[in-house]
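**Q** Sequence and predicted structure below; questions after.
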Amino acid sequence: MRFLSGRGVKLTHIFLDDESPMVVPAASVTVRDAEGQTVYTGDATSSGDEWSVALPPQSEGVYTAEWQAGGQATDTTTFEVVGAFLFTLPEARRSDMDLADTARFPTAELRHYRDVVAAEFETITARSFVPRTARAVVEADGSRTLFLGFHDVSALVAVRGPSGAVDTADWLVESTGFVTAPTELREGDRYALTFRYGFAQAPEDVRRAGLLRLRSVLTAERSGIPDRATAFVAAEGGNFTLATPGRNGYETGIPEVDAVLKRYKYGIFYDVFGVAR
């Protein structure tokens with residue numbers, strides 16, 4: 001689940017015993033950032049089986065929420081705060097007349113599948129099309145350079161080494177994910193680096209591709225084509241071969257979307273290292 005920086009964060013959770021909701025008299029939640037620091041703790045409120053808590057705006061990054069149900073159960077969920085979204089929900093509604101139906105496609109469902117599409121695009125290209133903040137632990141090899149394994153890195157937020165926090169004023173960061181310290185780093189020492197990466201905003205072609213992919217995911221049942229089909233014969237006549245994910249270079253099975261994503265892949269990283277990250 002993703003939330004926008006500068007906005008409040010509303011977390012919801014249902015305690016399940018396999019498939020059935022649990023009867024829980026009281027619940028609390030503790031939220032920690034990527035470094036394990038507690039940023040919020042308090043009681044949750046209930047509405048039926050669902051428990052919720054409202055947090056103040058949080059900075060970009062990945063967070064862990066530990067939900068406790070009065071000693072009956074402890075569940076852990078994660079969420080992320082990002083600098084922007086691939087597209088807005090009003091844009092999604094306007095992109096297809098079916099998606100404008102809020103009864104058929106509630107806000108929570110659109111929000112969920114927007115996150116699914118964004119994550120899929122990031123997996124396919126090994127890039128983020130929105131601003132994000134991450135933390136990586138890297139082991140030094142005796143040189144001045146550390147490799148984060150992310151693309152489009154824009155800034156270092158913090159670095160912690162064997163002796164604690166490190167002054168990063170003279171550290172250099174490259175968009176390709178290489179970070180250079182002012183002096184050599186002892187081999188075997190581990191450094192935890194928090195950094196910002198991703199596009200400042202989604203490119204227009206990626207945004208349009210995201211809307212196309214969202215519609216295909218949410219309205220797939222309209223096609224009437226079986227999930228495993230690789231070709232079909234139309235009732236009006238004519239044989240058609242489908243663009244099938246995982247075959248002939250297709251990732252999503254939508255040629256226009258796959259063509260856009262292909263343009264944003266770093267070919268050299270795929271050729272030399274395989275799938276980046």
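**A** Nice, thanks for sending it over.

**Q** For the rest of this, base every contact and every neighbour count on C-alpha atoms.
**A** OK.

**Q** Now P57. Nearest residue, chain neighbours left out?
**A** Closest residue to P57 apart from its sequence neighbours, by CA to CA, 6 or more residues apart in numbering: G8 at 4.4 Å.

**Q** so what's that neighbour up against?
**A** With contacts defined as CA atoms under 8 Å, 6 or more residues apart in numbering, G8 is in contact with A54, L55, P56, P57, Q58.

**Q** pLDDT score for it?
**A** pLDDT for G8: 95.

**Q** All the strands of the stretch 51-200 of the chain, in order from the start?
**A** Counting by DSSP state E, counting those that start in this stretch, the segments of the stretch 51-200 of the chain that form strands are 61-68, 74-82, 132-139, 145-147, 153-161, 164-166, 172-173, 178-180, 190-197.

**Q** which one among the contacts of G8 gets closest to F129?
**A** Of all those, Q58 has the smallest distance to F129: 20.2 Å, by CA to CA.

**Q** Just to check, that closest one is in contact with G6?
**A** Yes. Here Q58 lies in contact with G6, judged by CA atoms under 8 Å, at a distance of 6.9 Å.

**Q** mind checking how far the residue nearest to P57 is from A44?
**A** Counting by CA to CA, to the nearest Å, the separation of G8 from A44 is 15 Å.

**Q** ditto for A134
**A** Counting by CA to CA, the gap from A134 to A44 is 27 Å.

**Q** of the two, who's got more company?
**A** A44 (21 against 18; other CA atoms under 10 Å).

**Q** Am I right that that one is in contact with S28?
**A** Yes. Using CA under 8 Å, A44 is in contact with S28, at 5.0 Å.

**Q** which helix of this structure spans the most residues?
**A** Under DSSP state H, the helix in the chain containing the largest number of residues is helix 107-125.

**Q** returning to what we had before: more neighbours, Q58 and G6?
**A** Under the neighbour definition other CA under 10 Å, Q58 and G6 were set side by side, and Q58 has more, 19 against 14.

**Q** so how far is Q201 from that one?
**A** With CA to CA as the criterion, Q58 and Q201 are 19 Å apart.

**Q** List the contacts of L156.
**A** L156 sits next to T168, V173, L193, T194, F195, R196 when contact means CA under 8 Å, 6+ apart.

**Q** any idea which of these is closest to T145?
**A** V173 (9.6 Å).

**Q** I'd like to know how many residues surround the closest one.
**A** Each residue near V173 was counted by other CA under 10 Å, and the total is 20.

**Q** Please name the bridge partners of it.
**A** V179 (DSSP bridges).

**Q** who's in contact with it?
**A** Shown in contact with V173 (CA under 8 Å, 6+ apart): V153, S154, A155, L156, V179, T180.

**Q** Please list only the buried members of those residues.
**A** When the contacts of V173 are checked for burial by 16 or more other CA atoms under 10 Å, the buried set is V153, S154, A155, L156, V179, T180.
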